[in-house]
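In: turn this into a model:
(one chain, ligands or ions: 1)
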Amino acid sequence: MSDSAVSVSVSQVLSSLGIADALLPGAWAGAALDLLGDGVIESRNPADGSVIGRVSPCTDEQYEVVVARAQAQFERWRLIPAPRRGEIVRQMAEGFRKHKVALGHLVSLEVGKVASEGAGEVQETIDIADFAVGLSRQLYGLAMHSERPGHRMYEQWHPLGLISVITAFNFPNAVWAWNALLACVCGDGVVWKPSHKAPLTAIATHRICEEVLAAHGFSGLFGLVIGKNRAHAEKMIRDHRFPLVSATGSTNMGRHIGTVVAERFGRSLLELGGNNAIIVTKDADLDLALRGITFGAVGTAGQRCTSTRRVYLQESIAAEFTARLVKAYGQVRIGDPLQPGTLMGPLIDNDAVRCFEEAIITAVAQGGRVLCGGKRIDRPGSYVEPTIIAIQEGMAIVKEETFAPILYVGTFKTLDDAIRMQNDVPQGLSSSIFTTNFQSAEQFLSAVGSDCGIANVNIGTSGAEIGGAFGGDKETGGGREAGSDCWKQYMRRQTCTLNYSKELPLAQGVNFDI
Ligand code: NAD
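Out: Reported below is the predicted structural model:
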């Protein structure tokens, strides 16, 4: 595909998604509401820096309208039987299936993911929608045996209320869906504050769902609030109408949001930075390890929370395997994300390139050795070379998450050492071991093994399935989203005890006879 073919597809993509008006300065605003605000947010294609859309940000007055409308719709929505809510989410899934290709392209255009990853992100939204449909018939509570005769005890789950969803730029569609579609079958309303770096994907995603909701009389149950700065996020996290704030982004952001929401006794669900390592033992299938590491570290240009940032190699295989890794890096096709065959696109913007350059300078100053890459690529857009740096133990920079394709490679003697080094970072999201040794695998997965929320064997750190609970501990924030029983966070639990006897026995055998 030529450059001009790619630029034509910008307008094709936007019009097929029904948001071509976003191309006109100030022509679109307020998501569900066609209201105009001051100032304009420009959505730029990181592959060449061109402006692909302009969006008017939401004003304070519009924020009030969006939240009040979602609140009013929630009051009705919570009374709809959950399986019926599931049917409406099923129709949203159909909308995402219909628009998968165009929406995937828009993800690529806005945040620079290669085409298959853009489409993969939308597939994740379809998967979680399907999961939510099934879940809508399985919002089970437990029944317990009461200690008192003639009593019945059980718990039930009620809709929680309005959920605030704040998302990062790097998953501009799926992370919202993980939250919103589960919250929706749970009976909640949702107001979304997307990253200002990916407003068009948010608008398109929102419109697909809004069309379905409107057809069923629930227009505005999902609200969208796009702002140029953090003012709306600040408002939301202090707003008592949101009993739950689900926030995905950097650890600094999460520290602030977690504190503010806790002060008002709200709940927060935090999905923050990762610093994910892969351990490769001497008996590992090295072909598998090579593929797992390369995709994990270079895929999405290192801009996944689960990207592989560190590799620990057992000493006896380290030299040869590192040489293979460097060779594989030399074969990565870097370029326009929508060109067929491209494996690595650009970073999101020039600030990200600066962070990449600074991290490399710091790593070298701390004793790291650049084995390949290390530079910005001289072409339009925010491109950098995928980089491998040999490290020594104790380098401070290795404990930080740099959101770029930098891979730190170290060595270990024993598995105990490897696990200790892997865990010795503030973050706790994803982790892997490549090994064919049963005992090594089990040690890695044991209570004294990986301290991360995700622990894989013979699979890389990135690319989780939606069926499991996704998230991590320590400075990753402790939140869990998507599958398993994560739906419970979008509901409130109520324990009910019914007395069908003619007595009033007290719990724990307490006497209080008057
Ligand atoms: P970011 O923290 O800059 O922004 C994330 C969102 O939070 C944006 O919508 C932003 O406007 C908002 N925000 C930022 N600071 C805020 C503040 N002080 N108060 C209120 N809102 C604030 O992150 P980013 O650069 O968009 O995304 C990259 C980061 O997100 C990385 O650290 C990555 O690991 C993390 N991330 C984590 C997960 C996960 O599931 N653990 C998933 C995706 C991304």
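In: do a quick rundown of the helices in the stretch 51-200 of the chain.
Out: For the stretch 51-200 of the chain, helices defined by DSSP state H, counting those that start in this stretch occupy the ranges 60-77, 82-98, 100-111, 115-135, 174-185, 199-215.
In: which one of those helices lies closest to the ligand?
Out: helix 174-185 (5.9 Å; Cβ to the nearest ligand atom). C-beta: built from backbone N, CA, C; applies to glycine.
In: residue of this protein with the smallest distance to the ligand?
Out: Counting by Cβ to the nearest ligand atom, the chain gets nearest to the ligand through residue 249 (2.5 Å).
In: which residues touch that residue?
Out: 166, 167, 168, 195, 271, 272 (Cβ atoms under 8 Å, 6 or more residues apart in numbering).
In: distance of it from residue 186?
Out: Residue 249 sits 23 Å away from residue 186, going by Cβ to Cβ, to the nearest Å.
In: now do the same contact list for residue 401.
Out: Contacts of residue 401 by Cβ under 8 Å, 6+ apart are 250, 251, 273, 274, 275, 309, 427.
In: assess the claim that the fifth one and residue 425 are in contact.
Out: Yes: look at residue 275 against residue 425 with Cβ atoms under 8 Å: they come within range, at 4.6 Å.
In: looking at the two, which is more packed in?
Out: residue 275 (30 against 22; other Cβ atoms under 10 Å).
In: run a quick neighbour tally on the closest residue to that one other than its chain neighbours.
Out: Leaving aside its chain neighbours, residue 275 sits nearest to residue 427 (4.1 Å; criterion: Cβ to Cβ, 6 or more residues apart in numbering). When counting by other Cβ under 10 Å, one arrives at 24 neighbours for residue 427.
In: who does residue 427 bridge with?
Out: Beta bridges link residue 427 to residue 474 when assigned by DSSP bridges.
In: I figured it hits residue 274, correct?
Out: Yes: shown here, residue 427 and residue 274 form a contact pair, counting by Cβ under 8 Å, at 5.3 Å.
In: who touches both of the two?
Out: 401, 472, 476.
In: just the ones of the residues you listed in strands?
Out: Assignment to strands by DSSP state E places none of the shared contacts of residue 427 and residue 274 there.
In: which one of those residues is nearest residue 319?
Out: Checking those against residue 319 with Cβ to Cβ, the nearest one is residue 401 at 27.7 Å.
In: can you pull the phi/psi pair for the closest one?
Out: Main-chain dihedrals, residue 401, degrees, to the nearest 10: phi -90, psi 110.
In: who in the chain is up against the ligand?
Out: 166-171, 175, 193, 195, 230, 233-234, 248-250, 253, 256-257, 271-274, 305, 401, 403, 429, 476 (Cβ under 6 Å from any ligand atom).
In: and if we set it to 5 Å?
Out: Counting by Cβ under 5 Å from any ligand atom, the chain comes close to the ligand at 166, 168-169, 195, 230, 233, 248-250, 253, 256, 271, 273, 305.
In: which of those residues count as buried?
Out: When those are checked for burial by 16 or more other Cβ atoms under 10 Å, the buried set is 166, 168-169, 195, 233, 248-250, 253, 256, 271, 273, 305.
In: flag the least confident of the residues you listed.
Out: Lowest-confidence member of these: residue 233, scoring 91 (pLDDT).
In: secondary structure element holding that one?
Out: helix 231-238 (DSSP states H and E).
In: ok, residue 354 - contacts?
Out: With Cβ under 8 Å, 6+ apart, residue 354 has no contacts at all.
In: quick one, phi psi at it?
Out: phi -60, psi -40.
In: and the residue nearest to residue 409 when sequence neighbours are not counted, how many neighbours?
Out: Nearest non-adjacent residue to residue 409, counting by Cβ to Cβ, 6+ apart: residue 311, 4.9 Å away. Neighbourhood size, residue 311 [other Cβ under 10 Å]: 27.
In: for residue 311, give the beta-bridge partners.
Out: Residues in beta-bridge contact with residue 311 (DSSP bridges): residue 278, residue 409.
In: just to check, it is in contact with residue 406?
Out: No: look at residue 311 against residue 406 with Cβ under 8 Å: they stay out of range, at 11.6 Å.
In: model confidence score at the residue nearest in space to the middle of the chain, please.
Out: Computing the C-alpha centroid of the chain and ranking residues by Cα atoms, centre = their mean puts residue 175 first, at 4.3 Å. What the model reports for residue 175 is a pLDDT of 98.
In: please apply the same query to residue 34.
Out: 37.
In: going forward can the numbers begin at 4, since that is how I track them
Out: All set: I'll call the first residue 4, so the last point we hit is now residue 37.
In: hang on, the earlier thing: quickly list what's touching both of residue 278 and residue 428.
Out: With Cβ under 8 Å, 6+ apart, residue 278 and residue 428 have common neighbours 313, 402.
In: what's the separation between residue 229 and residue 70?
Out: Distance from residue 229 to residue 70, by Cβ to Cβ: 14 Å.
In: which of the two has more neighbours?
Out: More crowded of residue 229 and residue 70, by other Cβ under 10 Å: residue 229, with 27 against 22.
In: which residue is the nearest non-sequential neighbour of the more buried one?
Out: residue 202 (5.0 Å).
In: kindly report the same for residue 429.
Out: Closest to residue 429 by Cβ to Cβ, 6+ apart is residue 478, at 4.3 Å.
In: so that neighbour touches residue 432, yeah?
Out: No: if you go by Cβ under 8 Å, residue 478 and residue 432 don't touch, sitting 9.3 Å apart.
In: of those two, who's got more company?
Out: Taking neighbours as other Cβ under 10 Å, residue 478 and residue 432 compare with residue 432 leading, 30 against 22.
In: spit out the contact partners of the more buried one.
Out: 276-279, 308-309, 455-457, 464, 474-475, 479.
In: among the residues you listed, name the ones in strands.
Out: Per DSSP E, the subset of the contacts of residue 432 in strands is 279, 457.
In: out of the contacts of residue 432, the closest to residue 354 would be?
Out: Closest to residue 354, out of all of the contacts of residue 432 and judged by Cβ to Cβ, is residue 276, at 16.0 Å.
In: does the residue lying closest to residue 352 once chain neighbours are set aside belong to a helix, a strand or coil?
Out: Spatial nearest neighbour of residue 352, chain neighbours left out: residue 385 (5.6 Å); criterion: Cβ to Cβ, 6+ apart. Recorded secondary structure, residue 385: coil (DSSP: H, G, I helix; E, B strand; the rest coil).
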